[in-house]
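> The following block contains a protein sequence and its predicted model.
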Amino acid sequence: MNKQNINHLNASGNRVLVRVDFNVPLDKASHITDDTRIQAALPTIMHLRAQGAAIILMSHLGRPKGVDPAQSLKPAAARLSELLDAGVAFAPDCVGAEVEALAKALRPSEVLLLENLRFHKEEEKNDPDFAKQLAALGDVYVNDAFGSAHRAHASTEAVAHFLPAYGGFLMEREINFLGRILTNPAHPLVAILGGAKISDKLPVITNLLPLVDKLIIGGGMANTFFKAQGLAMGDSLVEDTALAAARTILENSGDKLVLPIDVVVADKFAADAATQVCGVNEVSAGWRILDIGPKTADAYAAILKNAKMVVWNGPMGVFEFAAFANGTNKVAIAVAAASEAGAITVIGGGDSVAAIEQSGLADKITHISTGGGASLEFLEGKVLPGVAVLPEG
């Protein structure tokens, strides 16, 4: 998938309207607790500044119902100013006469961040008139918000019909790495899928199974596969409505699908729960599976050792609790080792990214997707509106 990107753009003298993903977590005092998404946009912003463009940034934050000062992007403007070591102006809205005046007054290499797009309901409705108002702020449109590309919103889809449109550097990296998994993977290709619910991952399992050499399963979703095989799961999370789908996958996956062989069980869902390790066929009543076991972690590491390409989405257990983080941490170590041995490694999904950051191994990974839901939908084979609207390069 080759989309027109800012390498094809001479932005000098232009006002460039850039959709970024500054949907960052804030604490109760409106302090940013993780600036990863702002950092990810820096290459595109710095490139445009170096070219002498006047830069108008737009983003959403959270899910406000109308104007909500607690979900203002003002803290993002302050943090971006620190990272750029340059002033970043902040607009009190994202459309309107005052905002247009601020955009037109920008000088080359200056940066303006607009207020939260979702303060206007027209944003999520992909309203063309709202998109026209956004487009009036710039001469050129750049989308660098892959994390919002699965939404057909005014700032991600409609605006691209009113201005020359390009992908930013982050968008390009996301498309290239995720696209290669689907269209030109290196083999052995190993996918690792975890998380609580199998229903969340059924489309991606279905899409990836024909492509991968091994598909490793962890997290609560493994329990549904076990119950589909007739195993007792005690008090473990199981999706009974997905049992038929799990049986179909088991029947059609051959030797590609790899399930845990042992698990860590707990007597309650709590950080201080009593724990024990047992086989997957030994889960007693009153106990629940909260992590993969040590034998499973070793088996998964052995598979990953030979991989040439790895894609990982979802933790192996309730890694937020230290007692159930071992499986996820061991997989993180194995993925990082595969990367150091020459494999292309791609991690997507908020919990997976949090786990690799927590392990201190993020710098060993080839590509960490900022996409969350967008990366998952991409791997499902869905067309993402914010990508589809960009012209071919």
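Alright, I've got the coordinates.
> pLDDT weak spots in the stretch 1-150 of the chain?
The stretch 1-150 of the chain contains residues with pLDDT under 70 at 1.
> One more pass at 90, please.
Where the stretch 1-150 of the chain drops to pLDDT under 90, the residues are 1-3, 8, 34, 36.
> And the helices in it, which stretches?
In the stretch 1-150 of the chain, the helices defined using DSSP state H, counting those that start in this stretch lie at 36-50, 74-84, 97-105, 121-124, 128-135.
> Which one of these lies nearest to I261?
If you check each of the helices of the stretch 1-150 of the chain against I261 by C-beta to C-beta, helix 36-50 wins as the nearest, at 34.5 Å. For every residue, glycine as well, the C-beta is placed using N, CA and C.
> May I see the buried residues of that closest one?
T36, R37, I38, A40, A41, P43, T44, I45, M46, H47, L48, R49 (16 or more other C-beta atoms under 10 Å).
> thinking again about what came up before, for the helices of the stretch 1-150 of the chain, give me CSV that also has distance to V311.
Formatted as CSV, those follow (distance: least, C-beta to C-beta, whole Å):
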stretch, distance to V311
helix 36-50, 19
helix 74-84, 29
helix 97-105, 39
helix 121-124, 29
helix 128-135, 33
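> Nearest to A338 among these would be which one?
helix 36-50 (22.5 Å).
> Give me the contacts around the closest one.
6, 11, 16, 18, 20-24, 32, 55, 57, 76, 79-80, 83-84, 86, 109, 111, 142, 144, 147, 168-170, 353, 357, 370 (C-beta atoms under 8 Å, 6 or more residues apart in numbering).
> confidence score at the residue lying closest to L304 once chain neighbours are set aside?
Residue nearest to L304 in three dimensions, not counting chain neighbours: A334, with 4.3 Å by C-beta to C-beta, 6 or more residues apart in numbering. Looking at A334, its pLDDT stands at 95.
> which SS class is A334?
With DSSP: H, G, I helix; E, B strand; the rest coil as the basis, A334 sits in helix.
> Based on its surroundings, how many neighbours for it?
23 (other C-beta atoms under 10 Å).
> from now on call the first residue 27
Noted, 27 is the first residue going forward, which turns the last one into A360.
> Please list all residues in contact with it.
Y326, A327, L330, K331.
> so which of the helices of the stretch 27-176 of the chain gets nearest R89?
That would be helix 147-150 among these, by C-beta to C-beta, at 9.1 Å.
> domains of this structure?
Split into domains by automatic domain parsing, the chain comes to 32-194, 202-405.
> For G412, which of the ones you listed is the nearest?
domain 32-194 (3.2 Å).
> how far does the closest one sit from the chain's center?
Its chain's C-alpha centre and that of domain 32-194 lie 19 Å apart, by C-alpha atoms, centre = their mean, to the nearest Å.
> who wins for proximity to I315 among the helices of the stretch 27-176 of the chain?
helix 62-76 (30.3 Å).
> Can you show me the helices along the stretch 177-326 of the chain?
195-209, 228-234, 247-254, 269-278, 320-331.
> Please identify the most buried of those helices.
Mean neighbour count (mean count of other C-beta atoms under 10 Å) peaks for helix 247-254 among these, with a mean of 24.
> Let's test this: mean pLDDT of it, rounded?
Mean pLDDT, helix 247-254: 97.
> quick one, it and helix 320-331 angle?
Angle, helix 247-254 to helix 320-331, by axes from the mean of the first three to the mean of the last three C-alpha atoms, to 10 degrees: 110 degrees.
> now N152: how far from V42?
22 Å (C-beta to C-beta, to the nearest Å).
> Compare neighbour counts for the two and give me the winner.
Neighbour totals were compared for N152 and V42, and V42 leads with 27 against 18 (other C-beta under 10 Å).
> any idea how far the more buried one is from T70?
On the measure of C-beta to C-beta, V42 and T70 end up 9 Å apart.
> Identify the contacts common to these two.
Contacts common to V42 and T70, judged by C-beta under 8 Å, 6+ apart, are V168.
> The residue lying closest to H393 once chain neighbours are set aside: what's it in contact with?
Computed as C-beta to C-beta, 6+ apart, the closest residue to H393 that is not its neighbour in sequence is F203, at 4.3 Å. Shown in contact with F203 (C-beta under 8 Å, 6+ apart): I370, V372, T392, H393, S395.
> can I get those residues in TSV with pLDDT and distance to N355?
Converted to TSV, the contacts of F203 look like this (pLDDT from 0 to 100; distance: C-beta to C-beta, whole Å):
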residue	pLDDT	distance to N355
I370	97	22
V372	95	19
T392	94	19
H393	92	20
S395	89	20
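> Narrow these to just the buried residues.
Buried among these (16+ other C-beta under 10 Å): I370, V372, T392, H393, S395.
> Q384 is in contact with F345, isn't it?
Yes. Q384 is within contact range of F345, at 7.5 Å (criterion: C-beta atoms under 8 Å).
> hey, what's in contact with both of the two?
What both Q384 and F345 touch, as defined by C-beta under 8 Å, 6+ apart, is the set A351.
> quick one, what contacts A157?
Residues near A157 by C-beta under 8 Å, 6+ apart: A180, S181, A184, V185, H187, F188.
> From E148, how far off is the third one?
Going back to what we said before, that points to A184. To E148, A184 is 10 Å away according to C-beta to C-beta.
> sorry, back to before: among Q384 and F345, which residue is more densely surrounded?
F345 (25 against 15).
> Could you pull up phi and psi at the more buried one?
Backbone torsions of F345, given as degrees, to the nearest 10, read phi -70, psi -10.
> right, and it touches I382 too?
No. Under the criterion of C-beta under 8 Å, F345 makes no contact with I382, lying 10.6 Å away.
> shared neighbours of those two, anything?
With C-beta under 8 Å, 6+ apart, F345 and I382 have no common neighbours.
> Buried subset of the contacts of helix 62-76, written for PyMOL?
Here is the PyMOL command that selects the buried residues among the contacts of helix 62-76 (16+ other C-beta under 10 Å):
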select buried, resi 32+37+42+44+46+47+48+49+50+58+81+83+102+105+106+135+137+168+170+173+194+195+196+379+383+396
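> and F251, what does it touch?
I224, I243, A272, I275, L276, L283, L285 are the contacts of F251 under C-beta under 8 Å, 6+ apart.
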